[in-house]
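> below are the sequence and a predicted model for it; my questions follow.
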Amino acid sequence: MMEEIKAKEYVVGIRLRSLKVYYFSTNDLNLKVGDWVIVKTVQGTEAGRVAIPPFEPPEDFQPPSPLKPILRRATEEDLEKIRGYREKEKQILEYAQKKANEMSLPMKMLACEITFDYSKITIHFASEDRVDFRELVKDLASQYKTRIELHQVGVRDEVKYMGGLGICGREVCCHLFLQEFESITVKMAKEQSLALNPLKISGICGRLMCCLAYEYETYQKIKEKMPPKGSIVETKQGKGVVVDHHVPLSKLVVEYDEERRELVSLDEVIRVYTKEERDNDKDKVLEKILKMLEEDKD
């Protein structure tokens, strides 16, 4: 008896309500970027759009979670339903904000999401304090006849939902294209020789700017190839000390005699002196100074 040949499955990237891409399986190679599809998630049935067209996964492909199949392409009725939900979400957000104000709850409603099967309504809000919103949930559940979830978000997420202009004059990255927040540290700013002025390295959320991470790894890789600060190097212009790094140009700032500083590329460095050789140079300089002091006494 011949074994049945299974249809080959491909992987497709879907964006649901956020910028994050989730992976699903499909055997429909005609799906294109922007197509609406209906999928099953842990949150319920959702509608999403194709962000990455179908591709054959490599052997080492490891999705964050087990792949679930796409249920179907969205029909015209589905699209009409989605448009209706978008309008209703605005109304729910306004109603929730009105009720929160009436209950004197310090909440700023940011976004509302209705699952495609109307099994749940999720409202994201910002607040500086912990909020007891149980009465608000009861009111919303009674009004809209489905399960209600309220999620409090931090200041970074607040800006992600609301958007705005960064100090660069462009739309903030978290609202424009960032899928997830990365841990940002002051070390990233130091590594890139940026001024540690909070006003210059903080975003409109008040936290360190996400873009500090964009070139951090590149700076580290380039600096690994460079002699560390304080190294004694020999170039065509003589022997000097590395006092700084100009990473964007991949050059060293070398100080020669009489405090003369020059930009030197790595291929111009003839020799980098070892620690022992640097220590010997220091001893010779010290001997020279002591000899000069003795001559002055005479």
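Nice, I can see it. Here the structure is a predicted model, which is why all the values come from computation and not from measurement.
> who's in contact with Cys210?
Applying Cβ atoms under 8 Å, 6 or more residues apart in numbering, we find Cys210 in contact with 173-174, 178, 181-182, 184, 203. Where you see a C-beta, it was placed from the backbone N, CA and C, and this is true even at glycine.
> try 7 Å this time
173-174, 178, 182, 184, 203 (Cβ atoms under 7 Å, 6 or more residues apart in numbering).
> so which of those wins on neighbours?
Cys174 (23 neighbours; other Cβ atoms under 10 Å).
> now that one, what's its secondary structure?
Three-state call for Cys174 (DSSP: H, G, I helix; E, B strand; the rest coil): helix.
> can you tell me the closest non-neighbouring residue to it?
Nearest non-adjacent residue to Cys174, counting by Cβ to Cβ, 6 or more residues apart in numbering: Lys160, 4.2 Å away.
> distance of the one you found from Cys173?
Taking Cβ to Cβ, to the nearest Å as the measure, Lys160 falls 9 Å from Cys173.
> in stretch 203-215, which residues are buried?
Residues of stretch 203-215 classed as buried by neighbour count (16 or more other Cβ atoms under 10 Å): 203-205, 208-212.
> repeat for stretch 163-181
Buried residues in stretch 163-181 (16+ other Cβ under 10 Å): 166, 172-174, 178.
> which residues sit against that stretch?
19-21, 156, 159-160, 203-204, 210-211.
> do that again at 8 Å, thanks
18-21, 156, 159-162, 200, 203-204, 209-211.
> low pLDDT regions in the chain?
1-8, 258, 275-298 (pLDDT under 70).
> looking at it, which helix is longest?
helix 76-102 (DSSP state H).
> tilt between the helix or strand just after that helix and helix 76-102?
Sequence order places strand 108-114 as the next helix or strand after helix 76-102, per DSSP states H and E. Interaxial angle of strand 108-114 relative to helix 76-102 (axes from the mean of the first three to the mean of the last three Cα atoms, to 10 degrees): 150 degrees.
> tell me which residues of strand 108-114 are tucked away?
Buried residues in strand 108-114 (16+ other Cβ under 10 Å): 109-114.
> what's the answer for stretch 77-91, then?
78, 81, 85, 89.
> quick one: contacts for the first one?
Just to be clear, that refers to Asp78. For Asp78, the contact set (Cβ under 8 Å, 6+ apart) comprises 36, 38, 47, 116.
> cutoff 10 Å now
36-38, 47, 72, 116 (Cβ atoms under 10 Å, 6 or more residues apart in numbering).
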